[in-house]
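1. Need coordinates for the following:
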Amino acid sequence: MPKAIRLHAIGGPEVLQLESADVGEPQAGEVRIRHTFIAVNFIDVYHRTGFYPTKLPSGLGSDAVGVVEAVGPDVTDVRVGQRVGYMMGPLGAYSDVRLVPAAVLIPLPDEISERSAATLMMKGLTAQYLFRQVYPLKGGETILYHAAAGGVGLIACQWARAMGVHMIGTVSTDEKAEIAKLSGCEHVIVTSRENIVERVNEITDGKGVPVVYDSVGKDTLTASLECLRPRGMLVSNGTSSGPVVINTLELALKGSLFVTRPAMVHYIHPRAHMLEMAGEVFDLVKAGKIVSEPRQIYALGDAAEAHRALESRSTTGATVLVP
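-> All right, here's what the predicted structure looks like:
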């Protein structure tokens, strides 16, 4: 009998329950996938805690890779036995087998392992839309990127290096600083013992940076705004430390700053565009410019432990579940 993690209440990691699941046959527009690796993302914590409202009971997770077991009667662009991934499916990726819409699937190239692909769906495409669409980098810029040793962060470090972008990354520990440096982060600020604004001013000769990518939120907001040069942009792409509240007058006083809160859903449509985004990520991996593998692996039934580790900020890089 297939198994899946289910939520019957909003709360801490203890609400994640492994249960039997009746999957059934794919209907029109659907495929049945047997997962091999399931990505754990901070958005899953948002759903579990109710920060992003979720109708209960519910599955969890929207990012996984696996093999197609069956296709619905009108599905023609994927086939049984094909290796695929997805990162914007309906909640329920924390499972060994499930039905998903064919429209969200991304075929995996032969050169990309499923293990690696599990770190590239949401995280790789997030780096793509942050660097290539939200604030398009051309090369030569000096940027500030918070949580540089995280799942998206380590991909961003390598992508910045490949583009010739001078990345200043923030991390919480010296251990994470070494990991970020090895991945290509040119300057690393250890926030437990260094002042972000002072270090950025030192690195940029007081000019500041044109863009800050901030997935931390409340704890780094003030520093992020202080690090921007006039007419710079704050890309607020996460709130792991808490929600962001901005006084627009402050944006004017600090240099007519711009702020955007991007969401993946608004950058991946139509599907042809999503496949182009994935293709760019895969090409960088095939060229050896990005190397991405899970750094933490948990059994599906240990999803609660994976969430505890993620929320404690003890993880680096990508975390996956294995059915």
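2. so what's L7 closest to, chain neighbours aside?
-> Spatial nearest neighbour of L7, excluding adjacent residues (CB to CB, 6 or more residues apart in numbering): S58 at 4.8 Å. Bear in mind the C-beta positions are built from the backbone N, C-alpha and C, glycine included.
3. my read: the one you found touches L91, true?
-> Yes: with contact defined as CB atoms under 8 Å, S58 counts as touching L91 (5.6 Å).
4. So for the two, which residues contact both of them?
-> Overlap of the contact sets of S58 and L91 (by CB atoms under 8 Å, 6 or more residues apart in numbering) consists of H47.
5. re earlier: OK, contacts around the residue nearest to L7?
-> 6-7, 47, 91-92.
6. Next, it: phi, psi?
-> When read as degrees, to the nearest 10, the backbone of S58 gives phi -150, psi 150.
7. separation between it and Y94?
-> Counting by CB to CB, to the nearest Å, the gap from S58 to Y94 is 10 Å.
8. In the sheet, which residues pair with P101? Tell me.
-> Judged by DSSP bridges, the bridge partners of P101 are E30.
9. Near it, how many other residues are there?
-> Using other CB atoms under 10 Å, P101 has 16 neighbouring residues.
10. I'd assumed G92 was in contact with it.
-> No: using CB under 8 Å as the test, P101 is too far from G92 to be in contact (11.5 Å).
11. residues contacting the residue sitting nearest the centre point of the chain?
-> Most central residue of the chain, judged by C-alpha distance to the mean C-alpha position with CA atoms, centre = their mean, is K123 at 3.3 Å. By CB under 8 Å, 6+ apart, the residues touching K123 are 39, 41, 151-152, 155, 292, 318.
12. same thing but at 10 Å, please
-> For K123, the contact set (CB atoms under 10 Å, 6 or more residues apart in numbering) comprises 39, 41, 63, 87, 150-156, 281, 292, 317-318.
13. And G139, by the same measure?
-> In this structure, G139 makes contact with 160, 162-166, judged by CB under 10 Å, 6+ apart.
14. Relative to G301, how far out is it?
-> Where G301 is concerned, G139 sits at a distance of 45 Å (CB to CB).
15. on that earlier part again, among the contacts of S58, which lie within helices?
-> Residues of the contacts of S58 located in helices (DSSP state H): H47.
16. What is the nearest of the contacts of S58 to V209?
-> Taking CB to CB as the measure, V209 sits nearest to H47 out of the contacts of S58, at 32.0 Å.
17. now stretch 141-160, how far from the centre of its chain.
-> Distance of stretch 141-160 from the chain centroid (CA atoms, centre = their mean, to the nearest Å) equals 11 Å.
18. Quote the end-to-end distance of that stretch.
-> With CA to CA, to the nearest Å as the measure, stretch 141-160 spans 9 Å from end to end.
19. One more: stretch 244-260?
-> 11 Å.
20. Return the distance of it from the chain's centre.
-> Distance, centroid of stretch 244-260 to centroid of chain: 25 Å (CA atoms, centre = their mean).
21. For that stretch, which residues meet the burial criterion?
-> By 16 or more other CB atoms under 10 Å, the buried positions in stretch 244-260 come out as 244, 251, 254, 257, 259.
22. These in helices, which ones?
-> Using DSSP H, L251 are the members of the buried residues of stretch 244-260 that sit in helices.
23. Pick out the lowest-pLDDT one from the buried residues of stretch 244-260.
-> Among the buried residues of stretch 244-260, V244 carries the lowest pLDDT, at 85.
24. Pop out the phi and psi values for it.
-> V244 has phi and psi values of phi -100, psi 130 when expressed as degrees, to the nearest 10.
25. likewise G317?
-> Dihedral angles for G317 - degrees, to the nearest 10 - are phi 60, psi -150.
26. Pretty sure it sits against S292.
-> Yes: if you go by CB atoms under 10 Å, G317 and S292 touch, sitting 7.7 Å apart.
27. Look at these two and report which has more neighbours.
-> Using other CB under 10 Å as the criterion, G317 and S292 rank with S292 on top: 25 against 21.
28. so who does the more buried one touch?
-> For S292, the contacting residues are 112, 115-120, 123-124, 127, 151, 154-155, 158, 183, 281, 284-285, 317-318, by CB under 10 Å, 6+ apart.
29. Apply 7 Å and report the result again.
-> Residues near S292 by CB atoms under 7 Å, 6 or more residues apart in numbering: 116, 119-120, 124, 155, 285, 318.
30. if we can go back for a sec, among the buried residues of stretch 244-260, which two are most distant?
-> Comparing every pair within the buried residues of stretch 244-260 by CB to CB identifies V244 and K254 as the most remote, at 14.9 Å.
31. can you point me to the longest helix in this protein?
-> With DSSP H as the criterion, the chain gives helix 271-286 as its longest helix.
32. Before I go, just wanted to say thanks for your time.
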